[in-house]
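1. Just need the structure, nothing else, for what follows:
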Amino acid sequence: MSKHHLGEFEEIVMLTVAILYGEAYGIAILNEIEKRLKRNVSIGSLQTVLRRLEKKGYLISEFGEATPERGGKRKRYFTVTKYGQKVLQETKEQRMGLWNAIPRIAFE
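-> Residues are numbered from 1 along each chain as shown. Down below sits the predicted model:
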């Protein structure tokens with residue numbers, strides 16, 4: 001068993017950041033989750049998870065350039081770290097181990 005534990009929403013956020021590589025900022029992440037999973041997400045809950053994942057070292061962020069469309073505000077872009085990639089891989093292996101352990105008869 002891994003010493004790392006990702007909650008479902010943390011895993012979804014990290015996978016979405018990876019999907020949006022280079023373009024993963026708050027609203028883009030939120031929109032991608034809602035589009036792919038048909039799941040409503042509040043910006044507050046997303047921001048909380050992004051901060052938590054960054055604090056754990058699974059994500060890093062940096063500010064982009066200021067844009068006139070945002071009134072001069074800069075977007076914060078997120079990227080999965082090597083450590084975060086390792087945690088995601090371990091999580092995937094754990095889940096696949098569980099799926100592979102289900103006897104066929106269980107779903108017949």
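2. part of a helix, is Asp63?
-> I think there's a mix-up here, since residue 63 is Phe and not Asp. No: counting by DSSP: H, G, I helix; E, B strand; the rest coil, Phe63 is located in no helix; its state is strand.
3. Can you list the residue ranges for strands in this protein?
-> Counting by DSSP state E, one finds strands in the chain at the ranges 59-66, 74-80.
4. strand partners of the first one, parallel vs antiparallel please.
-> Strand partners for strand 59-66, identified by DSSP bridges, are recorded as strand 74-80 (antiparallel).
5. Okay, buried residues for the strand it pairs with please.
-> Buried residues in strand 74-80, counted by 16 or more other C-beta atoms under 10 Å: 75, 77-78, 80. The way it works is simple: take the backbone N, C-alpha and C, and place the C-beta from them, glycine included.
6. Over to stretch 19-31?
-> Neighbour-count burial for stretch 19-31 [16+ other C-beta under 10 Å]: 20, 24-25, 28-30.
7. Contacts for it next, please.
-> 13, 16-18, 32, 41, 43, 46-47, 50, 64, 75-79 (C-beta atoms under 8 Å, 6 or more residues apart in numbering).
8. so for it, what's the average pLDDT?
-> Mean pLDDT, stretch 19-31: 96.
9. Using CSV, list the CA coordinates for it.
-> Extracted in CSV, the C-alpha atoms of stretch 19-31 (Å, rounded to 0.1, in the frame of the first residue of the first chain):
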residue,chain,number,x,y,z
ILE,A,19,-4.8,17.0,-19.6
LEU,A,20,-4.6,20.8,-20.0
TYR,A,21,-0.8,20.8,-19.9
GLY,A,22,0.4,24.4,-20.4
GLU,A,23,-3.2,25.8,-20.2
ALA,A,24,-4.2,24.6,-16.7
TYR,A,25,-5.5,27.7,-14.8
GLY,A,26,-8.6,27.9,-12.5
ILE,A,27,-11.5,28.4,-14.9
ALA,A,28,-10.0,26.2,-17.6
ILE,A,29,-9.6,23.4,-15.1
LEU,A,30,-13.2,23.9,-13.8
ASN,A,31,-14.6,23.9,-17.4
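10. least trustworthy helix or strand in the protein by mean pLDDT?
-> The element with the least model confidence among the helices and strands of the chain, by mean pLDDT, DSSP states H and E, is strand 59-66, at a mean of 89.
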